[in-house]
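Engineer: Generate coordinates for the sequence data below:
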Amino acid sequence: MRRLLPLVLVAVTALVACGSATPAGSDDNAPSVPTATTEPGGTVATPATPPTAPSTADSEPGTIEPKEVNLDALVDRRWVVEARVTIVGPQPVPSTSTAALTIAADGSLTVDTGCNRGSATVTLGDDGTFTVGPLLTRKMACIDPDLAAVESSLLATLSGTVVWSVIGDRLSLTPTMMSDTGLELRAGDSSGTSVPGPGVAVPDALVGPTWILESFITVGPIDDVPAGVVASLRFAADGTLEVQTGCNSGTAHVRFRDLGSFAVGDLTLTEIACDGDAGAVQARVLAQLGHELHWSLDGDVLALYPADVTDTGLTLRAA
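Structural biologist: I've put the predicted structure just below:
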């Protein structure tokens with residue numbers, strides 16, 4: 001037994017050496033190659049090939065393809081404000097609102113805020129935005145708080161860079177620097193009318209005469225127009241309204257919603273400085289024209305009074 005022990009040790013050492021030997025010509029640093037394994041049931045599973053990363057030969061990392069913008073859908077169209085976008089959702093503008101805007105292809109912007117008119121220069125981007133320069137507007141006060149809110153929203157939206165989107169005849173404007181705000185607009189008709197809603201023909205009884213303002217309807221006694229101040233309205237069959245405020249003159253477009261009421265839009269006036277009685281009459285006339293007006297005719301006397309305000313209005317007589 002003592003003679004067999006060395007032989008056993010030699011045999012074991014030889015077996016260990018054979019199991020750990022590296023085949024000739026192999027690379028100790030070469031990656032191991034997966035081998036097929038037999039799954040239960042006799043199927044052979046081959047390790048999945050790692051997915052190949054997409055090629056970046058045609059694009060640079062971090063670049064964004066510019067979106068296609070159709071400026072023709074935006075420019076040279078009159079856009080009528082339909083709603084203010086707020087944190088609680090779109091808020092429709094009053095039926096008497098005339099708020100609208102037009103961006104020309106040359107970058108000029110004209111605005112009707114519903115109370116004032118103005119203009120600015122617009123820089124049109126190729127990424128679906130435009131930037132508005134300093135907006136110059138008249139400073140007439142908005143008597144109606146609802147119209148004042150429309151004007152405020154319009155001016156705030158147009159105070160910097162705006163993201164725009166046109167779908168059909170609808171335009172959405174969203175300022176880049178403010179959240180939960182903006183405007184929803186629709187394309188106006190070719191006549192430039194900015195008073196929304198259907199209309200009817202101007203009643204024949206109003207067309208033709210020059211209607212001279214005689215007095216203001218108030219909660220108290222009738223307030224006559226001061227001597228020497230002349231204010232008037234003249235209706236045309238095509239919806240044009242000639243306006244004399246007592247100090248300035250101009251034109252507007254009138255839209256009769258039915259036979260008993262109308263709204264005035266697109267009012268353009270001369271800009272003569274007004275003071276004294278003439279300035280006071282002008283302020284009161286323009287305040288009335290900012291509302292939807294009911295009208296009634298008694299012989300040659302025309303009465304106009306706001307649909308949403310009581311104990312106020314105008315009395316005019318045909319000349």
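Engineer: C-alpha only now, for contacts and for neighbours.
Structural biologist: Will do.
Engineer: Quick one: low-confidence residue ranges for the stretch 1-150 of the chain.
Structural biologist: For the stretch 1-150 of the chain, applying pLDDT under 70 flags the ranges 1-67, 140-141.
Engineer: where along it do the strands fall?
Structural biologist: Listed from the start of the chain, the stretch 1-150 of the chain has strands (DSSP state E, counting those that start in this stretch) covering 37-38, 44-45, 78-86, 89-92, 100-103, 108-112, 117-124, 129-132, 136-137.
Engineer: The strand or helix carrying G265: partners in the sheet, and parallel or antiparallel?
Structural biologist: Taking DSSP states H and E as the criterion, the element that holds G265 is strand 261-269. Neighbouring strands of strand 261-269 in its sheet, by DSSP bridges, are strand 249-258 (antiparallel), strand 293-298 (antiparallel).
Engineer: Turn the ones you listed into CSV, columns for distance to D106, mean pLDDT and mean neighbour count.
Structural biologist: As requested, the strands paired with strand 261-269 are arranged in CSV below (distance: least, Cα to Cα, whole Å; pLDDT from 0 to 100; neighbours: other Cα atoms under 10 Å):
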stretch, distance to D106, mean pLDDT, mean neighbour count
strand 249-258, 25, 85, 19
strand 293-298, 37, 89, 16
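Engineer: Could you say which one of these comes nearest to V111?
Structural biologist: If you check each of these against V111 by Cα to Cα, strand 249-258 wins as the nearest, at 14.8 Å.
Engineer: mind listing the helices in the protein by residue range?
Structural biologist: Applying DSSP state H to the chain gives helices spanning 4-19, 145-157, 276-289.
Engineer: coming back round to it: of all the strands paired with strand 261-269, which one comes closest to V80?
Structural biologist: Nearest to V80, of all these, is strand 249-258, at 14.3 Å by Cα to Cα.
Engineer: beta partners of A318?
Structural biologist: A318 has the following beta-bridge partners by DSSP bridges: W211.
Engineer: ignore the last one, V162
Structural biologist: On the basis of DSSP bridges, V162 is bridged to F130, P175.
Engineer: Please work out how many residues are found near it.
Structural biologist: Here the number of neighbours of V162 (other Cα atoms under 10 Å) works out to 23.
Engineer: Enumerate every residue touching it.
Structural biologist: Neighbouring residues of V162 by Cα atoms under 8 Å, 6 or more residues apart in numbering: T129, F130, T131, V132, L173, T174, P175, T176.
Engineer: What's the ChimeraX line that selects buried ones from the residues you listed?
Structural biologist: Filtering these down to the buried ones (16 or more other Cα atoms under 10 Å) takes a single ChimeraX command:
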select :129,130,131,132,173,174,175
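Engineer: can I get the strands of the stretch 1-150 of the chain in CSV with distance to I167?
Structural biologist: Listed next are the strands of the stretch 1-150 of the chain as CSV, based on distance: least, Cα to Cα, whole Å:
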stretch, distance to I167
strand 37-38, 59
strand 44-45, 54
strand 78-86, 13
strand 89-92, 17
strand 100-103, 17
strand 108-112, 21
strand 117-124, 18
strand 129-132, 15
strand 136-137, 29
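Engineer: Those: which one's closest to F216?
Structural biologist: Where the strands of the stretch 1-150 of the chain are weighed against each other on Cα to Cα, the nearest is strand 117-124, at 25.9 Å.
Engineer: Distance from the closest one to the middle of the chain?
Structural biologist: Its chain's C-alpha centre and that of strand 117-124 lie 14 Å apart, by Cα atoms, centre = their mean, to the nearest Å.
Engineer: can you state the direction angle for that strand and strand 108-112?
Structural biologist: Calculated by axes from the mean of the first three to the mean of the last three Cα atoms, to 10 degrees, strand 117-124 forms an angle of 140 degrees with strand 108-112.
Engineer: Which other helices and strands does strand 117-124 contact?
Structural biologist: Judged by 3 or more Cα pairs under 8 Å, 6 or more residues apart in numbering; DSSP states H and E, strand 117-124 is in contact with strand 108-112, strand 129-132, strand 136-137.
Engineer: picking up where we left off before, quick one: which of the strands of the stretch 1-150 of the chain is nearest V150?
Structural biologist: When these are compared by Cα to Cα, strand 78-86 sits nearest V150, at 7.0 Å.
Engineer: Pull out the buried positions in that closest one.
Structural biologist: Of the residues in strand 78-86, those buried under the neighbour-count criterion (16+ other Cα under 10 Å) are R78, W79, V80, V81, E82, A83, R84, V85.
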